[in-house]
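1. what's the 3D shape of this:
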Amino acid sequence: MTPYGEATSVMSGLLAGRKALVTGGTRGIGTAISARLVADGATVTVTGRRMEAETPEGCAYRAVDFADRVAVEHFAEEVENLDFDILVNNAGINKIGPFDRVAIDDFDLIQQVNIRAPFLLCQAVLPGMRERKWGRIVNISSIFGKISKELRASYSASKFALDGMSVALAAEVAKDGILVNCVAPGFIHTEMTRTILGETGMKEIATSVPMKRLGEPQEVAAFVAWLVSPENTYLTGQNIAIDGGFSRV
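-> Modelled structure (predicted):
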């Protein structure tokens, strides 16, 4: 698998002159997306929770805790003036548990990070994108925003909401040259997947995937890079699974 810093070069330069914001860009899928956009020529800013964090080479960094409603609102106000051409809402959290034991504070926190924060950032970038008549928004959802299973009520609620928001927004701004899509990763080889499933669970899940393996962050990044590139001129309002066929069998 291609390392983060050696993104495929076939699209290199397509994003020259474009400014991108990738939330949750300090690990996993977010890191892979950020590195790929840099390789394709974009100027990339990533967010993370810590005051200091490792980021892909060439990325600017902004610390913001998406669990803090006020901090997110202030950050969205900043974003309004930063002229981003590309927004990738990747930051997200998950906590599984039986429906009747979900603490309302946990439910609210998942909605705050996974849907309220992306909503505010989408609002923030729209004026500039409309003015320039060009923009690309990709909201990173999940296969559990297309299908679901037990113990995922809070997470699925947030990811189905993200899909609904994206569809409505796509319909509203298509005439302005702005394309909005969701990407729904399946089981990807990331720290979050390992935390939720454990090593044993990851191996068991892999047997249920038609390709018999988990996906890699770089595979998601390659598709996101195409969605936000000038090569994508007509695909909008979609929620596309990248899951090795898991959600279709």
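
2. C-alpha coordinates for the helix-or-strand element of the chain with minimal mean pLDDT, CSV please?
-> The weakest-scoring helix or strand in the chain, judged by mean pLDDT, DSSP states H and E, is helix 191-206 (a mean of 89). C-alpha atoms of helix 191-206 as CSV (Å, rounded to 0.1, in the frame of the first residue of the first chain):
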residue,chain,number,x,y,z
GLU,A,191,-6.9,3.6,15.3
MET,A,192,-10.7,4.2,15.8
THR,A,193,-11.6,0.8,14.2
ARG,A,194,-9.0,-0.9,16.4
THR,A,195,-10.4,0.8,19.5
ILE,A,196,-14.0,-0.2,18.7
LEU,A,197,-13.4,-3.8,17.5
GLY,A,198,-10.0,-4.8,18.9
GLU,A,199,-7.5,-6.9,16.9
THR,A,200,-9.7,-10.1,17.1
GLY,A,201,-12.8,-8.2,16.0
MET,A,202,-11.0,-6.7,13.1
LYS,A,203,-9.9,-10.2,11.9
GLU,A,204,-13.5,-11.5,12.3
ILE,A,205,-15.0,-8.5,10.4
ALA,A,206,-12.5,-9.0,7.5
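
3. Is T45 located within a strand, as I assumed?
-> Yes: if the criterion is DSSP: H, G, I helix; E, B strand; the rest coil, then T45 is within a strand.

4. Skipping adjacent residues, who's closest to it in space?
-> Once flanking residues are discounted, T45 sits nearest to A60: 4.4 Å by Cβ to Cβ, 6 or more residues apart in numbering. Placement of C-beta: from N, CA and C, glycine included.

5. rewinding a little: give me the contact list for the least confident helix or strand of the chain.
-> Contact with helix 191-206 is made by 27-28, 94, 96, 187, 189, 212-214, as judged by Cβ atoms under 8 Å, 6 or more residues apart in numbering.
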